[in-house]
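*Asks:* give me a model of this one.
(one chain, ligands or ions: 1)
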Amino acid sequence: MTAAVLDGTAPARAIRERVTTAAAGLVGRGIVPKLAVVVATDDPGAGWYVRSLAAAAGRVGITCEVISLGADAFTDDIHRTLLRLSSDDTVHGIVLQAPLPDGVRVEDLAAAIACEKDVDGANPLSAGRLAAGLPAYPPATAAAVLCLLDHHQIELTGRNAVVVGRSLVVGKPTAQLLLQRDATVAICHRHTKDLAAHTRSADVLVVAVGRIGLIRAEHVGDGAVVVDVGTNTAPDGSLAGDVDATDGRAAAISPVPGGVGPVTTALLLEHTVQSAGAAWCS
Ligand code: NAP
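*Replies:* Residues are numbered from 1 along each chain as shown. Sure thing, here's the model as predicted:
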């Protein structure tokens with residue numbers, strides 16, 4: 001069986017078109033949607049991502065302000081900046097870019113992002129609201145996984161979903177969203193015994209670990225749908241996912257690059273126009 005490709009570029013394009021129309025409508029009402037990205041790192045990968053996010057924002061009519069605090073910024077500096085942006089009426093979305101300087105913990109900062117501007121679901125209140133089924137922006141990557149599955153008409157109700165990875169930004173919120181869609185969900189992590197036995201039971205397998213080649217053919221059940229969230233730098237400098245090969249077992253798999261990534265960026269922009277339109281969490 002040749003696996004179908006869960007392409008992310010087409011849904012990302014459709015979202016960007018919606019966002020462009022919504023942003024133009026807002027500008028017509030005198031509201032210029034604005035995303036603020038707080039950066040406290042000199043990591044080249046993060047720098048590249050922020051530049052491409054800012055360019056993507058510009059193309060759909062969203063102003064993107066990048067606030068560079070330097071890789072030696074202290075928790076207090078970043079905290080003050082997030083509070084200032086949270087109370088700035090011209091700012092509609094706030095992203096705190098990873099990684100943070102050594103010793104600075106996202107847990108000490110994320111609550112300073114106003115929930116209604118928390119377009120990447122970083123504030124623990126957003127996570128709590130998501131878990132309680134209340135309006136909140138989910139982390140864009142988690143939302144992108146569901147968006148990709150929906151775009152490709154993958155049925156979720158009653159299906160076994162396994163998420164590998166339990167980070168606050170990807171694994172846990174993805175599991176929450178799958179649960180909300182009536183999948184039966186298991187979460188695997190570093191301490192999971194016999195990972196392959198769990199992952200093989202998945203109808204829908206989402207992998208968000210950050211290790212090239214962690215998932216191989218023996219981890220995949222026949223006919224499974226596999227979403228590869230991993231974005232790793234391969235030894236040759238190319239971008240690689242966490243899934244190595246599925247040897248004809250998977251029915252469908254998302255590519256890296258071109259799968260979850262473009263949808264994530266598009267959804268961050270969509271959350272920003274939703275926030276600007278005061279339609280907090282659609
Ligand atoms: P993270 O915070 O480092 O979390 C990694 C998770 O993987 C942890 O829960 C860890 O378990 C688990 N893990 C590590 N080794 C494992 C193993 N051998 N078996 C099973 N589980 C294992 O990473 P993250 O921020 O969630 O990101 C995960 C990947 O997604 C990275 O490649 C990242 O670059 C990518 N990503 C992509 C996008 C996108 O838009 N495409 C966005 C965000 C992140 P423990 O909790 O037990 O340590």
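
*Asks:* so where do the strands sit in the stretch 1-150 of the chain?
*Replies:* Ranges of strands within the stretch 1-150 of the chain are 4-5, 34-39, 63-68, 93-96, based on DSSP state E, counting those that start in this stretch.

*Asks:* number of residues surrounding Ala71?
*Replies:* As a burial measure, Ala71 scores 15 neighbours (other Cβ atoms under 10 Å). C-betas here are computed from N, CA, C, even on glycine.

*Asks:* excluding covalently adjacent residues, which one is nearest to it?
*Replies:* Nearest non-adjacent residue to Ala71, counting by Cβ to Cβ, 6 or more residues apart in numbering: Asp42, 4.4 Å away.

*Asks:* from the centroid of this protein, which residue is nearest?
*Replies:* Thr141 (1.3 Å; Cα atoms, centre = their mean).

*Asks:* who in this structure is up against the ligand?
*Replies:* Proximity of the chain to the ligand (Cβ under 6 Å from any ligand atom) is limited to residues 141, 164-167, 169-171, 188-192, 195, 208-211, 214, 229-232, 260-261, 264.

*Asks:* which among those end up buried?
*Replies:* For the residues of the chain next to the ligand, a neighbour count by 16 or more other Cβ atoms under 10 Å gives the buried set as 141, 164-167, 169-171, 188, 192, 195, 208-209, 214, 229-232, 260-261, 264.

*Asks:* show me the residues you listed that map onto strands.
*Replies:* Judged by DSSP state E, strands contain the following of those: 164, 188, 232.

*Asks:* make CSV out of those and add pLDDT.
*Replies:* CSV is the format used below for those (pLDDT from 0 to 100):
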residue, pLDDT
Val164, 98
Cys188, 98
Asn232, 93
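
*Asks:* can you tell me which of those residues is nearest Ser238?
*Replies:* When those are ranked by distance to Ser238 (Cβ to Cβ), Asn232 comes first, at 9.6 Å.

*Asks:* for Pro257, see how far away that closest one is.
*Replies:* Here Asn232 is placed at a distance of 11 Å from Pro257 (Cβ to Cβ, to the nearest Å).

*Asks:* which residues do those two both contact?
*Replies:* The contact sets of Asn232 and Pro257 overlap at Leu239 (Cβ atoms under 8 Å, 6 or more residues apart in numbering).

*Asks:* give me the element the closest residue to Ala183 other than its chain neighbours is part of.
*Replies:* Leaving aside its sequence neighbours, Ala183 sits nearest to Ala161 (Cβ to Cβ, 6+ apart; 4.0 Å). If you go by DSSP states H and E, Ala161 is part of strand 160-164.

*Asks:* just checking: what are the partner strands of that strand?
*Replies:* In the sheet, strand 160-164 lines up against strand 184-188 (parallel), strand 204-207 (parallel) (DSSP bridges).

*Asks:* quick check: buried residues in stretch 1-19?
*Replies:* So for stretch 1-19, counting by 16+ other Cβ under 10 Å, buried means 3, 6-8, 11-12, 15-16, 19.

*Asks:* now for the residues you listed, which pair is the farthest apart?
*Replies:* Ala3 and Val19 (30.0 Å).

*Asks:* OK, contacts around the residue in the stretch 1-150 of the chain that the ligand sits nearest to?
*Replies:* The nearest approach of the stretch 1-150 of the chain to the ligand comes at Thr141, 3.8 Å away (Cβ to the nearest ligand atom). Neighbour list for Thr141: 169-170, 174, 208, 229, 260, 264 [criterion: Cβ under 8 Å, 6+ apart].

*Asks:* and the residue nearest to Ala71, what pLDDT?
*Replies:* pLDDT for Asp42: 96.

*Asks:* I'd say it and Ala73 touch.
*Replies:* No - between Asp42 and Ala73 there is no contact under Cβ atoms under 8 Å: 10.9 Å.

*Asks:* state the mean pLDDT of the longest helix seen in the chain.
*Replies:* In the chain, with assignment by DSSP state H, the single longest helix is helix 9-28. Here helix 9-28 scores 98 as its mean pLDDT.

*Asks:* same check, this time on stretch 108-118
*Replies:* Stretch 108-118 carries an average pLDDT of 97.

*Asks:* pull the CA atoms of it into CSV?
*Replies:* The C-alpha coordinates for stretch 108-118 follow below in CSV (Å, rounded to 0.1, in the frame of the first residue of the first chain):
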residue,chain,number,x,y,z
ASP,A,108,7.1,31.8,35.1
LEU,A,109,6.0,33.9,32.1
ALA,A,110,3.1,32.5,30.2
ALA,A,111,0.5,33.7,32.6
ALA,A,112,1.5,37.3,31.7
ILE,A,113,0.0,36.8,28.3
ALA,A,114,-3.6,38.0,28.3
CYS,A,115,-5.8,35.0,27.6
GLU,A,116,-7.7,36.8,24.8
LYS,A,117,-4.4,37.6,23.0
ASP,A,118,-2.9,34.1,23.8
